[in-house]
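Student: After the sequence you'll find the predicted model.
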Amino acid sequence: MTELFGIPIQAFLGQLLLGLVNGSFYAVLSLGLAVIFGLLNIINFAHGALYMLGAVVAWMGLQYLGLNYWVMLILAPIIVGVFGIIVERLLLKHLYKLDHLYGLLLTFGLTLLIEGFFRSLFGVSGQPYSTPKLLQGGVNLGFMYLPIYRAWVIVASLVVCFATWLIIEKTRLGALLRAGTENPKLVEAFGVNVPLVVTLTFGFGVGLAGFAGVLAAPILQVSPLMGQNLIIVVFAVVVIGGMGSIMGSIVTGLGLGIIEGFTKVFWPEASTTVVFMIMVIVLLMRPAGLFGKEK
């Protein structure tokens with residue numbers, strides 16, 4: 001059996017695949033956080049609960065309405081995004097001129113409410129969500145067996161991440177978003193409805209969390225608590241990449257997912273803490289993050 005660094009090649013590549021899958025989730029979720037913080041200056045601690053909400057909405061759509069995975073992959077992020085818009089209009093808009101801590105406390109409380117509501121309905125046990133028929137099975141690559149659905153998760157996440165980056169960084173719409181948050185009075189003078197832009201941006205950011213939740217549903221069991229542990233890692237990813245950096249979130253999310261996967265092979269005891277070790281090192285050397293701008 002062929003080995004790489006003393007590890008069977010199948011095990012090595014299997015962990016690489018697992019790292020890419022986890023990294024894909026980290027990238028999409030941290031991208032949503034980066035969009036919200038970078039453009040709106042809000043630390044959204046409810047992102048993990050909104051990720052869970054996307055998965056639960058997809059499960060409920062299938063269970064009660066018979067709506068399949070492909071319909072819910074589009075519909076669930078929209079529903080989560082609309083929920084985010086309602087939250088922004090009713091609650092968050094009153095906190096923009098206050099310290100970041102107020103937004104953090106509000107979204108933390110929102111997390112408890114969302115998780116508590118669904119826990120009272122379904123309990124804490126996970127609900128299975130079947131993989132769509134088109135993506136079932138796998139492909140034998142000779143050196144490993146590649147599950148089709150996991151390959152789909154990686155591709156779909158990368159497409160969404162880089163499409164978001166292109167829109168925000170390379171289009172007129174993205175320039176309008178950035179200008180509206182940096183100098184809203186000037187942009188309003190040109191007839192742009194800045195509050196509407198802010199609201200839609202927040203809705204898009206949380207919609208990305210809902211999209212990640214739908215992607216995760218066939219891999220993980222759908223549970224009201226599925227976002228609790230993940231969101232802590234995602235915040236670490238955002239800090240390492242640079243708060244508000246779109247490309248930093250994408251690259252760092254994928255990279256840390258791969259590092260975490262390899263750590264499980266070479267140093268299993270550190271696999272749950274390696275992301276936080278890297279965060280400490282990065283903050284000591286570059287407090288603004290790898291891709292963040294030093295003030």
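Tutor: Received, thanks.
Student: Going by residue numbers, what spans are helices in the stretch 101-250 of the chain?
Tutor: For the stretch 101-250 of the chain, applying DSSP state H, counting those that start in this stretch gives helices covering 148-170, 172-182, 184-189, 194-216, 228-241, 246-266.
Student: Kindly reformat those as TSV containing distance to residue 37.
Tutor: The way it works is simple: take the backbone N, C-alpha and C, and place the C-beta from them, glycine included. Output for the helices of the stretch 101-250 of the chain, formatted as TSV (distance: least, Cβ to Cβ, whole Å):
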stretch	distance to residue 37
helix 148-170	13
helix 172-182	11
helix 184-189	17
helix 194-216	9
helix 228-241	7
helix 246-266	10
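Student: Out of these, which one sits most buried?
Tutor: Of all the helices of the stretch 101-250 of the chain, helix 194-216 carries the top mean neighbour count, a mean of 24, counting by mean count of other Cβ atoms under 10 Å.
Student: And that helix, how far out from the chain middle?
Tutor: 10 Å (Cα atoms, centre = their mean, to the nearest Å).
Student: and what of stretch 139-148?
Tutor: 27 Å.
Student: outside of it, which residues touch it?
Tutor: Outside stretch 139-148, the residues that touch it by Cβ atoms under 8 Å, 6 or more residues apart in numbering are 2, 9, 10, 13, 14, 17, 135, 136, 137, 138, 151.
Student: which among those end up buried?
Tutor: By neighbour count, with 16 or more other Cβ atoms under 10 Å, the contacts of stretch 139-148 hold 13, 14, 17, 135, 151 as buried.
Student: Quick check: buried residues in the strand or helix carrying the first one?
Tutor: Using DSSP states H and E, residue 13 sits within helix 9-40. For helix 9-40, a neighbour-count test (16+ other Cβ under 10 Å) marks 12-40 as buried.
Student: helices or strands up against that helix?
Tutor: helix 47-65, helix 148-170, helix 172-182, helix 194-216, helix 228-241, helix 246-266 (3 or more Cβ pairs under 8 Å, 6 or more residues apart in numbering; DSSP states H and E).
Student: pLDDT score for residue 7?
Tutor: On the pLDDT scale, residue 7 is placed at 64.
Student: one step back: quick check: which of the helices and strands packed on helix 9-40 is nearest to residue 126?
Tutor: Closest to residue 126 of the helices and strands packed on helix 9-40 is helix 47-65 (Cβ to Cβ; 9.9 Å).
Student: Could you check how far residue 173 is from residue 284?
Tutor: With the distance defined as Cβ to Cβ, to the nearest Å, residue 173 ends up 37 Å from residue 284.
Student: Sorry, slip of the keys, the one I care about is residue 95.
Tutor: Distance of residue 95 to residue 284, computed by Cβ to Cβ: 31 Å.
Student: the more surrounded of the two?
Tutor: Higher neighbour count among residue 95 and residue 284: residue 95, with 17 against 8, using other Cβ atoms under 10 Å.
Student: Verify the stated contact: that one with residue 103.
Tutor: Yes: with contact defined as Cβ atoms under 8 Å, residue 95 reaches residue 103; the gap is 5.0 Å.
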